[in-house]
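Engineer: when you get a sec, could you give me coordinates for this:
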Amino acid sequence: MLAPFAPWLLLAAIGQAAPEAALLKAATADVDLAIRCRGLEPARDDLIATIKAMDSEWGNMAEGLLTAQVSEIGQRHGERAVKSPFLVLVRLPETAGAGGPTFAVLLPADDYEGTLRGFNGGKAVELKHEDGGVDSFDGPEGQGTWYAAKRTGIVAFGPSKDLVAAIAKGPAKGLDSVLNGPLGEGFLGGEAGLYVNSGALTKRYADLIEQGRQAIEGLMDQLAQQQPGQAGSAKLLREMYAGAIDWFKQVGAFTYHVDFSEKSVRMAGFLKLTPGSDAAKAALGAQTLPVASLSRLPRGSAYYVGMNASSRTIQQLLSMSMRMMQGDREPSKEVKKATEALYGMGRLDAIGAVSMAGGVTSINEVRTSDPKGFVEHSLNLLRAMGQGEGRLGIYKEVKIEPKAESIGGLAFTHAEVTIDMEKLTAMAGNAPGQANALKAMLGNGPMNYWYGVEGDRAWQVTAPNREAAVAMIEAARKPEDGVGQSSGFKAVASDLPDRASLAVVLGAQELARMIAKQVDAAGKKLDLKLLDDMPKEPAFAGASVTPRDGKGFEFRLIVPSEVGPVLARGLIPTLQSVGE
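Structural biologist: Model prediction:
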């Protein structure tokens with residue numbers, strides 16, 4: 001369940017409010033992980049319904065497999081193990097390699113010995129009373145000593161004596177005190193939820209994380225030495241990994257849940273940032289754009305993206321792109337000047353639609369306080385990237401027509417960029433078929449760009465020719481005919497928040513065609529006619545990231561059942577037709 005309801009409403013909606021709320025209150029907050037499920041049988045039934053809605057054959061296969069697995073668990077551990085909601089608390093070892101995780105399971109139950117007997121396969125459990133209000137017994141299947149305790153309406157058991165004892169005594173701080181607000185919403189929805197105390201784990205395993213960072217950096221340095229053509233990509237990956245680690249260290253906790261239904265698979269969660277961290281300070285300044293603004297983009301694209309980006313984000317994205325294309329060479333003064341001018345524009349509100357099948361076709365609408373300045377700086381950057389010693393390694397030539405042309409009554413400046421496909425192929429790894437795959441994605445000729453201004457927005461169009469660019473511009477200026485008129489798009493957008501910092505909607509059929517054509521171009525010889533069996537009504541999937549009061553970010557993902565036939569009847573058979 002994706003909509004951010006209050007925790008009590010979420011619990012009521014899944015019909016398990018009293019049991020699950022009681023489990024959280026009885027559980028100690030001093031855990032590394034927590035896993036909840038509203039019941040294996042209910043979750044299985046909803047998952048089967050989801051898969052059947054996507055494809056009946058897949059559903060029948062899943063039904064047989066999942067029914068057998070859940071039945072086996074029920075036979076081994078009793079009916080309550082598969083029908084009741086449960087909560088699992090996990091603690092990881094204090095140091096890496098110092099043994100495995102330990103855990104405790106909480107079930108809503110009044111029959112203490114009966115619950116343990118059921119979990120033990122119907123055999124009576126011989127309990128030995130221990131200090132701290134716990135009992136010990138021989139664990140299932142020779143797993144050593146386990147412990148158990150009871151509280152009103154709750155039975156707890158597992159190999160962790162400390163966790164079970166904390167439940168028996170009553171925790172000084174219950175897990176319900178941590179899992180509230182957005183963090184609780186991320187945990188309590190749908191069939192199953194996960195809580196990760198990431199702040200504690202990153203501190204505990206700091207040395208191990210640093211070793212992993214150094215290992216990745218070493219591999220990237222080695223790649224750059226062995227394949228100089230990929231030095232820029234290796235350097236970028238090295239910095240991205242390091243940046244991801246530094247950012248994740250500022251995450252105090254995160255939660256996640258998944259919800260299955262005949263309509264869709266929905267996933268949602270929350271990343272809680274450590275108060276006072278750089279990431280939390282940045283989140284305070286995060287802004288959003290209406291997700292509905294994507295609806296006015298033209299139909300027929302593989303990706304629809306909306307982003308409200310700060311100057312820092314713009315700088316990071318530009319820097320990533322430059323390094324990928326620049327290699328190890330230092331950019332020229334002209335390139336640096338143009339990129340700095342774009343950084344300095346401040347926040348941008350941008351939406352765009354992209355396809356990459358037989359050439360890049362895209363249109364971006366950028367709202368800014370100075371749209372003319374945005375176009376000017378973008379053209380200066382493009383011009384600088386194609387000239388002098390600092391030009392990008394993959395750019396052979398950049399031509400910018402001095403005279404603007406009129407499209408739909410607006411003035412657009414046309415630029416033509418010739419790509420050095422040999423260098424680009426080398427940077428991509430030079431694998432067999434790589435050159436053809438890149439041509440299928442980017443096209444086999446110059447890339448054409450058009451830049452224009454209309455009111456407070458700048459237009460940025462990429463198309464193989466003028467006719468395609470005109471069609472994109474005219475379609476984008478008629479929002480009443482945009483992709484938002486599709487029922488599939490409307491369904492996805494309605495499950496995303498009204499506003500988001502980042503919103504992405506994928507056109508399933510167009511994405512399938514793009515993937516299949518690139519694989520075919522790489523020499524796999526696919527039967528592309530199989531794509532004609534995909535449903536004609538466009539299907540979509542969507543995702544979003546939204547800031548929440550400077551405390552962190554909520555994320556959502558929705559995959560409607562309509563995406564299933566696109567995969568089952570189109571993309572998968574096509575990819576399986578290699579060489580047929």
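Engineer: what about the stretch 251-400 of the chain, any weak spots by pLDDT?
Structural biologist: 311-312, 314-330, 357-358, 387-393 (pLDDT under 70).
Engineer: leaving out chain neighbours, which residue sits closest to residue 76?
Structural biologist: Computed as Cβ to Cβ, 6 or more residues apart in numbering, the closest residue to residue 76 that is not its neighbour in sequence is residue 121, at 5.5 Å. All C-beta atoms are positioned from the backbone trio N, CA, C, and that covers glycine.
Engineer: can you pull the contacts of that neighbour?
Structural biologist: 75, 76, 77, 78, 140 (Cβ atoms under 8 Å, 6 or more residues apart in numbering).
Engineer: residue ranges of the helices in the stretch 201-350 of the chain, please?
Structural biologist: 206-226, 231-248, 278-284, 311-326, 333-343 (DSSP state H, counting those that start in this stretch).
Engineer: relative to residue 361, which of those helices is closest?
Structural biologist: Nearest to residue 361 among the helices of the stretch 201-350 of the chain is helix 311-326 (18.6 Å), distances taken as Cβ to Cβ.
Engineer: stretch 524-531: end-to-end distance?
Structural biologist: Start and end residues of stretch 524-531 are separated by 15 Å (Cα to Cα, to the nearest Å).
Engineer: list the buried residues in it.
Structural biologist: Of the residues in stretch 524-531, 524, 526, 530, 531 count as buried by neighbour count, 16 or more other Cβ atoms under 10 Å.
Engineer: if we can go back for a sec, tell me how far the residue nearest to residue 76 lies from residue 79.
Structural biologist: 12 Å (Cβ to Cβ, to the nearest Å).
Engineer: same thing with residue 200?
Structural biologist: 36 Å.
Engineer: give me the more crowded residue out of the two.
Structural biologist: residue 200 (16 against 11; other Cβ atoms under 10 Å).
Engineer: confidence score at that one?
Structural biologist: At residue 200, the pLDDT value in this model is 93.
Engineer: which residue packs closest to it, ignoring adjacent ones?
Structural biologist: Closest to residue 200 by Cβ to Cβ, 6+ apart is residue 32, at 6.3 Å.
Engineer: and what of residue 399?
Structural biologist: Looking at residue 399 with Cβ to Cβ, 6+ apart, the closest residue is residue 416, at 4.5 Å.
Engineer: next: residue 300.
Structural biologist: Using Cβ to Cβ, 6+ apart, the nearest residue to residue 300 is residue 510, at 6.3 Å.
Engineer: any idea how far apart the tips of stretch 93-105 sit?
Structural biologist: Termini of stretch 93-105 sit 18 Å apart (Cα to Cα).
Engineer: hmm, I typed the wrong one, I wanted stretch 251-268.
Structural biologist: By Cα to Cα, one end of stretch 251-268 lies 17 Å from the other end.
Engineer: how about it: buried residues?
Structural biologist: 251-261, 263-268.
Engineer: ok, back up a step: closest to residue 221 out of the contacts of residue 121?
Structural biologist: Looking across the contacts of residue 121 and measuring by Cβ to Cβ, the closest to residue 221 is residue 140, at 48.4 Å.
Engineer: distance of residue 260 from residue 270?
Structural biologist: 20 Å.
Engineer: kindly report the same for residue 127.
Structural biologist: Taking Cβ to Cβ, one finds residue 127 at 40 Å from residue 270.
Engineer: neighbour count: the two, which is higher?
Structural biologist: residue 270 (24 against 15).
Engineer: would you confirm that that one contacts residue 548?
Structural biologist: Yes - with contact defined as Cβ atoms under 8 Å, residue 270 reaches residue 548; the gap is 7.1 Å.
Engineer: what do those two both touch?
Structural biologist: Joint contacts of residue 270 and residue 548 (Cβ under 8 Å, 6+ apart) are 182, 554.
Engineer: can you check the pLDDT for residue 434?
Structural biologist: Confidence score, pLDDT, at residue 434: 61.
Engineer: what of residue 173?
Structural biologist: 91.
Engineer: ignoring the adjacent residues along the chain, who's closest to it?
Structural biologist: residue 29 (4.5 Å).
Engineer: quick one, what contacts the one you found?
Structural biologist: With Cβ under 8 Å, 6+ apart, residue 29 has these contacts: 171, 173, 174, 175, 177, 178.
Engineer: pLDDT value on residue 439, please?
Structural biologist: 63.
Engineer: so what does the residue nearest to residue 76 look like in phi/psi?
Structural biologist: phi 80, psi 30 (degrees, to the nearest 10).
Engineer: and it, how far from residue 78?
Structural biologist: Relative to residue 78, and taking Cβ to Cβ, residue 121 is found at 8 Å.
Engineer: residue 571 too?
Structural biologist: For residue 571, the distance to residue 78 - Cβ to Cβ - is 42 Å.
Engineer: where do the strands of the stretch 1-150 of the chain begin and end?
Structural biologist: In the stretch 1-150 of the chain, the strands defined using DSSP state E, counting those that start in this stretch lie at 33-37, 86-91, 102-108, 128-129, 135-138, 145-151.
Engineer: could I get these as TSV with mean pLDDT?
Structural biologist: Shown next, in TSV, are the strands of the stretch 1-150 of the chain (pLDDT from 0 to 100):
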stretch	mean pLDDT
strand 33-37	95
strand 86-91	95
strand 102-108	94
strand 128-129	94
strand 135-138	94
strand 145-151	94
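Engineer: I'd like those strands as TSV, with distance to residue 347 and mean neighbour count appended.
Structural biologist: Listed next are the strands of the stretch 1-150 of the chain as TSV, based on distance: least, Cβ to Cβ, whole Å; neighbours: other Cβ atoms under 10 Å:
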stretch	distance to residue 347	mean neighbour count
strand 33-37	37	21
strand 86-91	41	21
strand 102-108	45	23
strand 128-129	64	10
strand 135-138	60	17
strand 145-151	52	21
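Engineer: which among these is found nearest to residue 412?
Structural biologist: That would be strand 33-37 among the strands of the stretch 1-150 of the chain, by Cβ to Cβ, at 54.1 Å.
Engineer: name the SS class of residue 411, please.
Structural biologist: State at residue 411, reduced to three classes by DSSP: H, G, I helix; E, B strand; the rest coil: strand.
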